[in-house]
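**Q** Take this sequence and fold it.
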Amino acid sequence: MNPRYWLCLLVGLLLSLTLNAAPTAPAKGKIRVLIVDGFSNHDWRQTTDIIRHILAPAGQFEVSVSTAPETTNEPAWTTWRPRFSDYDVVIQNCNDINHGPSWPAAVKSDFEKYVHDGGGVYIFHSAENAFVGWKAYEQMVGLCWRKADYGTSIRVNEDGTLVKIPPGVGGNTSHGHRSNVLVTRLGEDPIHADLPRSWLSPDMEVYFYARGPARNLTVLAYARDSKPGQGLLWPVEWTVRYGKGRVYVSTYGHVWLGDIQPPGLRCAAVQTIIPRAVQWLANRPVTIPVPADFPGTSAVSLRPPFDLTAPAAESAGK
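**A** Next up, the predicted model:
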């Protein structure tokens, strides 16, 4: 028999053994999420509980919580130092407005490095108001709750084009009364893939004249403010690139002190967008499906309250 036959047979056998023995790349596991809370002028405890219960049904997230000391002079500040780098996504649920505490310099430095090096951050509702003067944080957020002269604002025209408003023009950041709001997405992005172009979101605050560096920022969705005599369109969801990191910001999720699972977080749209945003922040494919109860433009879609006495199916820790 031709020697070349045996040579080809041997080469094929060795190649087959090599391919079969080669390890396959392990599938990525669950997305590791850290919620950072501890102080706010909003009900941060209930907010954290609701976020955990919103993320739990997908079965794709391992959620931990790091709770900062609640007041400025507590001894626990000397040991509180979240390990941001252990997580794929951080959900920032702290707000020091009205003279609350701030994060220590070492924690701020860790956070900046985490995001710059590729971490994902969800700035949850009032966290957009936080940490006046922390320039890196303001660059991450892009548009913050600030005075009129603090930075650039962005407004949306009726045709969907954006208008940059320079510092000192227009007013301070504020919002009108909470109401059912028509949210319209702008362009195409993975978080909103296959969602309707517009939908009604309940009990929502639309911030106007949010201010900041407004750099490396993409507006994802907008809505009309409820201020009497104004009625302009403003961003309600946006993303910012900070170094290699991804940041998602929205005004969804207002939970005031005394509220009990308000409609804004029982909204089927909000409960769909939150885990989708977390997937995107983790640089994973956005796979959360569009549910049958996702609202349209004629009525809001509210889900039943969560049983917050029952644990969400994730881990807790620091």
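**Q** Quick one: the strands in the stretch 101-250 of the chain, in order.
**A** With strands called from DSSP state E, counting those that start in this stretch, the stretch 101-250 of the chain shows them at 120-124, 153-156, 162-165, 174-175, 179-185, 198-204, 207-208, 217-224, 233-242, 245-250.
**Q** out of these, deepest packed?
**A** Stretch with highest mean neighbour count among the strands of the stretch 101-250 of the chain: strand 120-124 (a mean of 26; mean count of other C-beta atoms under 10 Å). The C-beta positions use only the backbone N, C-alpha and C, and glycine is treated the same way.
**Q** Leaving aside the residues adjacent along the chain, what's closest to N93?
**A** D37 (4.2 Å; C-beta to C-beta, 6 or more residues apart in numbering).
**Q** OK, contacts around the one you found?
**A** W44, R45, T47, T48, V65, S66, T67, A68, N93, C94 (C-beta atoms under 8 Å, 6 or more residues apart in numbering).
**Q** out of those residues, who has the most neighbours?
**A** Greatest neighbour count in those, by other C-beta atoms under 10 Å, goes to N93: 29 neighbours.
**Q** ok, so what distance separates it from A299?
**A** Here the criterion is C-beta to C-beta, to the nearest Å. By it, N93 lies 29 Å from A299.
**Q** re the thing from before, redo the strands of the stretch 101-250 of the chain as JSON lines? Include mean pLDDT and distance to W80.
**A** Below are the strands of the stretch 101-250 of the chain laid out as JSON lines (pLDDT from 0 to 100; distance: least, C-beta to C-beta, whole Å):
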{"stretch": "strand 120-124", "mean pLDDT": "98", "distance to W80": "18"}
{"stretch": "strand 153-156", "mean pLDDT": "98", "distance to W80": "34"}
{"stretch": "strand 162-165", "mean pLDDT": "98", "distance to W80": "38"}
{"stretch": "strand 174-175", "mean pLDDT": "96", "distance to W80": "31"}
{"stretch": "strand 179-185", "mean pLDDT": "97", "distance to W80": "36"}
{"stretch": "strand 198-204", "mean pLDDT": "98", "distance to W80": "32"}
{"stretch": "strand 207-208", "mean pLDDT": "97", "distance to W80": "29"}
{"stretch": "strand 217-224", "mean pLDDT": "98", "distance to W80": "30"}
{"stretch": "strand 233-242", "mean pLDDT": "98", "distance to W80": "23"}
{"stretch": "strand 245-250", "mean pLDDT": "98", "distance to W80": "22"}
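**Q** got any ranges where this structure has weak pLDDT?
**A** 1-27, 313-318 (pLDDT under 70).
**Q** Which parts of it are helices?
**A** Under the criterion DSSP state H, helices of the chain are mapped to 3-21, 44-55, 105-116, 135-141, 263-266, 268-281.
**Q** mind giving me TSV with those helices and columns for distance to P196?
**A** Below are these laid out as TSV (distance: least, C-beta to C-beta, whole Å):
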stretch	distance to P196
helix 3-21	46
helix 44-55	20
helix 105-116	31
helix 135-141	27
helix 263-266	19
helix 268-281	9
